[in-house]
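*Asks:* Could you look at this predicted model? Sequence included:
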Amino acid sequence: WTTIFLGIEERTSVDDADAVLGFDNLSSIINSMLVLVGVTLLFFLIGAVFSARHAKEVPTIRLVSTNQPPEMSVGMGITWHLFNS
């Protein structure tokens, strides 16, 4: 956006960038982009927190003897496996 803004001013020698892009100067473009990135980061962080909370509540299958998830392994020489439900 900044390159477009400066390119319009250089080619026409008139401040047409305001008419084309709707911004008075370069600072308003930068500020609006920083706000957009900040809001996007905030949405991502909120989603990550909710996802982590939800993942903590999902039940898992655990062994009674060790209270650990079961170890799932394939036999010697087997490359591919298939789980049918």
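*Replies:* Now that the structure is in, tell me what you want to look at.
*Asks:* Could you use CA atoms for every contact and neighbour count after this?
*Replies:* Will do.
*Asks:* pLDDT below threshold where in this protein?
*Replies:* 1-22, 85 (pLDDT under 70).
*Asks:* same thing but at 80, please
*Replies:* 1-26, 29, 72-75, 78-85 (pLDDT under 80).
*Asks:* Do a quick rundown of the helices in the protein.
*Replies:* For the chain, applying DSSP state H gives helices covering 2-12, 17-21, 26-57.
*Asks:* So Gly75 versus Phe83, what's the distance?
*Replies:* To Phe83, Gly75 is 14 Å away according to CA to CA, to the nearest Å.
*Asks:* More neighbours: which of the two?
*Replies:* Applying other CA atoms under 10 Å to Gly75 and Phe83 shows that Gly75 carries more neighbours, namely 7 against 4.
*Asks:* which residues sit in contact with that one?
*Replies:* For Gly75, no residue meets the contact criterion (CA atoms under 8 Å, 6 or more residues apart in numbering).
*Asks:* Going forward, count from 173.
*Replies:* Done: numbering now begins at 173, and the last item shifts to Gly247.
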